[in-house]
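>>> dropping the sequence and predicted coords here.
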Amino acid sequence: MAILNKKSRSALYDPLVKTNPISLSVLGICSALAVTIRVDQALIMTGAVIFVLSTSNTIISLLRKYIPSRTRIIIQLAIIAGLVSLIDQILMAYMYNMSKQLSVFVSLIVTNCIVMGRADAYAMQNPVGNSFLDGLGNGFGYGAILISVSFFRELFGSGTIFGFSIIPEWVYGIGYENLGLMVLSPGAFIVLGLIVWFQKEIWKEQVK
Amino acid sequence: MRSNSYTLIFTSLVTLILGFLLSFTYTQLKSKQDENLAVDIRKNILRALDIREEKDEKWSNQKVKDLFSKYIRAEVLSTSGLIVDNISIENIDTEYDSLNFPIYYKLNENQIDGYAIPVIGRGLWSTLYGYLALEPDASTVKGIQFYSHKETPGLGAEVEKDWFTNNFIGKKIVNSSGELVSIEVLKGKVDESNNEAYHQVDGISGATMTTKGVTQFLLEDLKKYEPFFKKIRNKSESITWLF
């Protein structure tokens, strides 16, 4: 039984790994480096991006027959910026500490190439349902990378996951130390680079 | 190709709808956001005065309010360092009022255990807002916290991090002859053998403009309170007014 036809399935599942926006197209790197120090930050960021991506894709796809081609980028950007401001307001009201930690990176979702890219490349040409799934898929693909990077960074950088200590005291007792590099941005670069390499090794034929 | 008027009307319509939507959410969420901000300010006053969350602890808004009303009292000072009775601290615009200065103090078993004053000034991109706390001797720094700014993350934004603020603790704002010297944020590290090290703290590399701003506005803000702190240092006036 197939609820989704082939095209919808590929819209949803492909971006998870096969055409992952970060590890394959290397888009959205700015926030992937900045908010991956802790897993909980990465999670909230992922949630925000999934919301913005799927909603903006849906809205733009709904309007795709009416959006004048000359101002289409402006309109796409206005819709995306509107959604991002909305999420920013909500975070400030209900998750104040998180919004302080994420600081400018929530507003920077506007300039995240993934959102803009999917809007112009996919939502402008495809029906609403598929565009929504494409947004969802890309959001989850983005999140998968973000969360894996932050998992390694938090584990090796601070010895915690979700802020709870994971590495038992006796390990520190025998001379183990947290890797300071992981907390800094170069650490994110290294982890991300390893993930990209890993993926391109395993799914060689898709890279071309 | 669509006509010009279609393009124009469609684009403005989209903008209008979005604008309306955003202002609607803003008005709906404003009170909640304001409350969060107010709680955050109190939390920072508490933290400056060394009442802080344990490592794995998260305070609710209510907890912050309770702690604040339990430990913290507030007064308004005039330019000459006298208590102003007829103005409520809520009615002062801390950033722009040049006649009335709010001051917070921590009471611990009826003993004064530190003063906190607002410190506000320009960094590189934005205005920084924070609180500087002094020990009861009015010359040693007890703590400093910044709660709002728009400096560059990773560079200027490091002012709010513990590694930076912890450097201030124990530094003196007056020299040996009792003159106000404030705290100087250096470019680079403090040379402990230097005679001036007692009022200097490590800078943030890559954030010279932000830290220059901090040095400057700390001095300006401390000057405003100097008449009051001088009295405490000289013990020329009893401070029974607090009870």
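That came through, no problem.
>>> what residues of the longest strand seen in chain B count as buried?
In chain B, ranked by residue count with DSSP state E as the criterion, the top strand is strand B:111-122. Buried residues in strand B:111-122, counting neighbours by 16 or more other CB atoms under 10 Å in any protein chain shown, are found at B:Ile112, B:Asp113, B:Gly114, B:Tyr115, B:Ala116, B:Ile117, B:Pro118, B:Val119, B:Ile120, B:Gly121, B:Arg122. Backbone N, C-alpha and C define where each C-beta goes, glycine included.
>>> same deal with stretch B:83-92?
Residues of stretch B:83-92 classed as buried by neighbour count (16+ other CB under 10 Å): B:Val84, B:Ile92.
>>> quick one: contacts of it?
B:Ala74, B:Glu75, B:Val76, B:Leu77, B:Ser78, B:Asn100, B:Phe101, B:Pro102, B:Trp241 (CB atoms under 8 Å, 6 or more residues apart in numbering or on different chains).
>>> surely the second one is in a helix?
No. Counting by DSSP: H, G, I helix; E, B strand; the rest coil, one finds B:Glu75 to be strand, located in no helix.
>>> for chain A, which segments count as helices?
Using DSSP state H, the helices of chain A run over A:6-13, A:29-34, A:39-62, A:72-94, A:96-102, A:104-107, A:113-118, A:128-158, A:169-173, A:180-183, A:185-202, A:204-207.
>>> quick one, the first one and helix A:39-62 angle?
Regarding helix A:6-13 and helix A:39-62, their directions subtend 150 degrees when assessed with axes from the mean of the first three to the mean of the last three CA atoms, to 10 degrees.
>>> possible to save the helices of chain A as CSV with distance to chain B?
Compiled in CSV, the helices of chain A are given as follows (distance: least, CB to the nearest CB, whole Å):
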stretch, distance to chain B
helix A:6-13, 25
helix A:29-34, 7
helix A:39-62, 10
helix A:72-94, 4
helix A:96-102, 4
helix A:104-107, 6
helix A:113-118, 15
helix A:128-158, 11
helix A:169-173, 14
helix A:180-183, 11
helix A:185-202, 7
helix A:204-207, 32
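>>> and those helices: which comes nearest B:Leu29?
Closest to B:Leu29 of the helices of chain A is helix A:72-94 (CB to CB; 4.1 Å).
>>> what packs against the closest one?
Counting contacts by 3 or more CB pairs under 8 Å, 6 or more residues apart in numbering or on different chains; DSSP states H and E, helix A:72-94 packs against helix A:39-62, helix A:96-102, helix A:104-107, helix A:113-118, helix B:4-48.
>>> give me the distance between that helix and the centre of its chain.
Remark: helix A:72-94 is offset 16 Å from the chain centroid, using CA atoms, centre = their mean, to the nearest Å.
>>> list the buried ones in that helix?
Neighbour-count burial for helix A:72-94 flags A:72, A:75-93 (criterion: 16+ other CB under 10 Å).
>>> same check on stretch B:198-215?
Buried residues in stretch B:198-215, counting neighbours by 16+ other CB under 10 Å, are found at B:198-204, B:207-215.
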